[in-house]
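S.K.: Just to be clear, the model below is a prediction. Sequence and coordinates:
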Amino acid sequence: MGLVLTAAPAVEPITVDEAKAHLRIDHGEEDALLASLIATSRLQIEAAVGIALITQSWSWRLDAWPDPSAVALPMRPVQSVDAVRIMAADGSIEALSPEQFLVDGASLQPRLLSTSGAWSLPGARALGIEIAFTAGFGGAASDVPPPIRQALLILVAHWYEHREAAGVGEAAARIPDPVSALLTPYRRVRL
């Protein structure tokens, strides 16, 4: 399976000026660092919670259908499924028409459902299915829920204050507790 970003977000959920105000920085000497910390913090939060904050496009490749009638999409919130393509044994591509699938974007785990109850099977042995989709809360920073924007500000401040190298699992590398608390309502509950 492969999940590939095909169109990155056009903006970040917070601006450098918002981060500077939060950190009480009144000069522009570290603007490039802050821009990098904002992007890195967004990526860390997106990976930790399984969400896309700002509108972005993805291509997800599968070897086989995990379920005969529904597929749980790997990221949320899903705005649209733009294409479903199936590769035949001869390498030709069949694009499913939008009438052949439904998108359940309202569920905590977004799903792609076959309207016929079964998917066409790929002829390729590997990566014979491609689902192209768009995810995110919206195209503007204001579309991102305020608790997530606040979590981003806190995480940027954390990385700004802790610039030393940290290994995976070390205290300095983990998401601070206030950030985790703000993200709790957006996490998937696993049983």
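M.R.: Looks like it came in fine.
S.K.: so the residue lying closest to residue 83 once chain neighbours are set aside bridges to which residues?
M.R.: Distances taken as C-beta to C-beta, 6 or more residues apart in numbering put residue 132 closest to residue 83, at 4.2 Å, once the chain neighbours are dropped. Quick note: C-beta positions are derived from backbone N, CA and C, even for glycine. Per DSSP bridges, the residues bridged to residue 132 are residue 59, residue 83.
S.K.: Quickly note the distance from the residue minimising distance to the centre of the chain to residue 174.
M.R.: Central residue of the chain (C-alpha atoms, centre = their mean): residue 52, 3.1 Å from the mean position. Per C-beta to C-beta, to the nearest Å, residue 52 is found 22 Å from residue 174.
S.K.: Then residue 106?
M.R.: Taking C-beta to C-beta as the measure, residue 106 falls 32 Å from residue 174.
S.K.: When those two are compared, which one has more neighbours?
M.R.: Taking neighbours as other C-beta atoms under 10 Å, residue 106 and residue 174 compare with residue 174 leading, 14 against 9.
S.K.: Is residue 80 in a helix, a strand, or coil?
M.R.: When classified by DSSP: H, G, I helix; E, B strand; the rest coil, residue 80 comes out as strand.
S.K.: how about the nearest residue to it, chain neighbours excluded?
M.R.: residue 134 (4.9 Å).
S.K.: just checking, residue 183 touches residue 45?
M.R.: Yes - in terms of C-beta atoms under 8 Å, residue 183 counts as a neighbour of residue 45; the distance is 6.7 Å.
S.K.: joint contacts of these two?
M.R.: Residues touching both residue 183 and residue 45 (C-beta atoms under 8 Å, 6 or more residues apart in numbering) are 148, 151, 175.
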